[in-house]
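1. got a predicted structure here, sequence first:
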Amino acid sequence: MNILTNPSFIDETSNTNKPNFGLPGYYYFSDQIFAHEQQTIWNNTWQFVGRESVIPAPGDYLTCQVGDQPMFVIRTNNGELRAMHNVCPHRGARILEGQGHCQRVRCLYHGWNFNWEGNLKGLPRAECFPNLDKSAVHLLTGRVETWGGFIFVHPELEGESLVSHLAGFPVYLEQYQHPWEELQEVDHWFYEEPANWKFPIENYLECYHLSVVHAQSLKCFDPKNITYTPTGRHYQIFVPFTDEEFVKDHPAFSGEPRGQSYQGFIFPNMMVNTARDKVSVFRLTPLSPTKTKFEVFIYQTKAQIEAFPYNHDDFRPEFERVLNEDFRVVRSLQASVHSKAYGVVQLADIEYGITHFHQVLSEYYQS
């Protein structure tokens, strides 16, 4: 059987009593699968790339990787955002690096320069190109839209809108008591994990492992009352805190109703987790079939910064402890995928997030 045809192990009948089985091991290391995912998923979906607040003025830009497409987002003279492929049409060199401000978008190789709308404005020794029509040369454009101050980029010029892609997920997140538009980045770091990108997502989508993997760490969650709701390609995860642990961690709120966290996975690579004092966001970027960049962003509103000043040394160690507990499991899964014994006997109802994720993937594997 062609490994890219509709896998018989994926149950497309939704959450029923019918047994649900996972993906075969080779879906986590196959070069062919990875190449197909790059074209059908990563180069053809909306993906979170940054915050509007980091590029507030005309000429401010950030670079990003969307699938295997190097791109950048820049603010133009009229204040709008524009997404373009970070490749010079002259010889294919990268144009911008990192994040910053520019008067012109200038190629570092031969100095061809473009305005903020991506139109060629000048080049050194233009007399060497007597037949060049500058008005016909421009940077290839993608699409950019925003929600809640988050910038999303799509490499293609046509396709579904961001609103359609998010499929109502913002309505769920808007229950959070702090304005999303006011979030400011207070910390950012990343890991490069030796695992296929799907394993960290599958781990995130189920709470079955909490009492084992996080027995000594995530005591603030109430796993028996976590609510999961599929929304389009995404998955909402409503997490109540336990009264005792929440009050211990947040003594200023003693006597108030227990807190809750609005969490969830936005396909294909974004995970959102809210708390009273901050929002954490994870972003995954596949680097190879067996290597994934896992980024952590910490955000606070001005009110949260004043009430809960962020201290890197106090926060990171415990947060990284939880992440590393998950990473150890994910690495062990990746180490097992070549084994003849590897397989998923059955996915339980409380692991339906994985089943839903596989159903979404099956649409792309068939395309």
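-> Received the coordinates, thanks. The model shown is predicted, which means the values in this text are computed figures rather than measured ones.
2. show me where the protein has helices.
-> 31-37, 162-166, 169-173, 198-204, 210-213, 243-249, 302-307, 312-336, 352-365 (DSSP state H).
3. next, the buried residues of stretch 22-31.
-> The neighbour-count check on stretch 22-31 (16 or more other Cβ atoms under 10 Å) flags 22, 23, 24, 25, 27, 28, 29, 30 as buried. No exception for glycine: its C-beta is placed from N, CA and C like everyone else's.
4. now it: average pLDDT?
-> Average pLDDT, stretch 22-31: 95.
5. between the two ends of it, how far is it?
-> For stretch 22-31, the first-to-last residue distance is 19 Å (Cα to Cα, to the nearest Å).
6. correct me, but residue 147 touches residue 165?
-> No. Counting by Cβ atoms under 8 Å, residue 147 sits too far from residue 165 to count as a contact (10.0 Å).
7. could I get the contacting residues of the closest residue to residue 175 other than its chain neighbours?
-> Distance criterion Cβ to Cβ, 6 or more residues apart in numbering; nearest residue to residue 175, sequence neighbours excluded, is residue 262 at 6.0 Å. Shown in contact with residue 262 (Cβ atoms under 8 Å, 6 or more residues apart in numbering): 172, 173, 175, 176, 236, 238, 239, 272, 274.
8. with respect to residue 92, which of these is nearest?
-> residue 272 (35.5 Å; Cβ to Cβ).
9. can you verify my assumption that that closest one contacts residue 263?
-> Yes. Between residue 272 and residue 263 a contact is recorded at 6.3 Å, counting by Cβ under 8 Å.
10. do you know the pLDDT at the closest residue in space to residue 146 that isn't next to it in sequence?
-> Using Cβ to Cβ, 6+ apart and skipping the chain neighbours, the partner closest in space to residue 146 is residue 52 (5.9 Å). pLDDT recorded at residue 52 is 97.
11. do the same with the one 10 residues further on
-> Reading off the per-residue confidence, residue 62 sits at a pLDDT of 98.
12. where's it relative to residue 321, distance?
-> To residue 321, residue 62 is 30 Å away according to Cβ to Cβ, to the nearest Å.
13. okay, the two: which has more neighbours?
-> residue 62 (21 against 13; other Cβ atoms under 10 Å).
14. isn't the more buried one right next to residue 49, touching?
-> Yes. Applying Cβ under 8 Å as the test, residue 62 and residue 49 come out as touching, 7.0 Å apart.
15. returning to what we had before: and of the helices of the chain, who's closest to residue 342?
-> Set against residue 342 and scored by Cβ to Cβ, those come closest in helix 312-336, at 5.0 Å.
16. please tell me how far residue 168 sits from residue 187.
-> Relative to residue 187, residue 168 is positioned 30 Å away (criterion: Cβ to Cβ).
17. who has more neighbours, the two?
-> residue 187 (17 against 13).
18. in this structure that one contacts residue 300, no?
-> No. Counting by Cβ under 8 Å, residue 187 stays clear of residue 300, with 9.4 Å between them.
19. residues touching stretch 169-177, excluding its own?
-> With Cβ under 8 Å, 6+ apart, stretch 169-177 has contacts from 147-148, 180, 229, 231-232, 234, 236, 262, 264, 266, 272, 274, 276, 279.
20. output it as PDB, nothing but the C-alphas.
-> The C-alpha coordinates for stretch 169-177 follow below in PDB (Å, rounded to 0.1, in the frame of the first residue of the first chain):
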ATOM      1  CA  PHE A 169     -11.300  29.000  18.500                       C
ATOM      2  CA  PRO A 170     -11.000  32.800  19.300                       C
ATOM      3  CA  VAL A 171     -14.500  32.800  20.800                       C
ATOM      4  CA  TYR A 172     -13.300  30.200  23.300                       C
ATOM      5  CA  LEU A 173     -10.100  32.100  24.100                       C
ATOM      6  CA  GLU A 174     -12.000  35.400  24.500                       C
ATOM      7  CA  GLN A 175     -13.400  34.000  27.800                       C
ATOM      8  CA  TYR A 176     -10.000  34.800  29.300                       C
ATOM      9  CA  GLN A 177     -10.300  37.800  31.600                       C
END
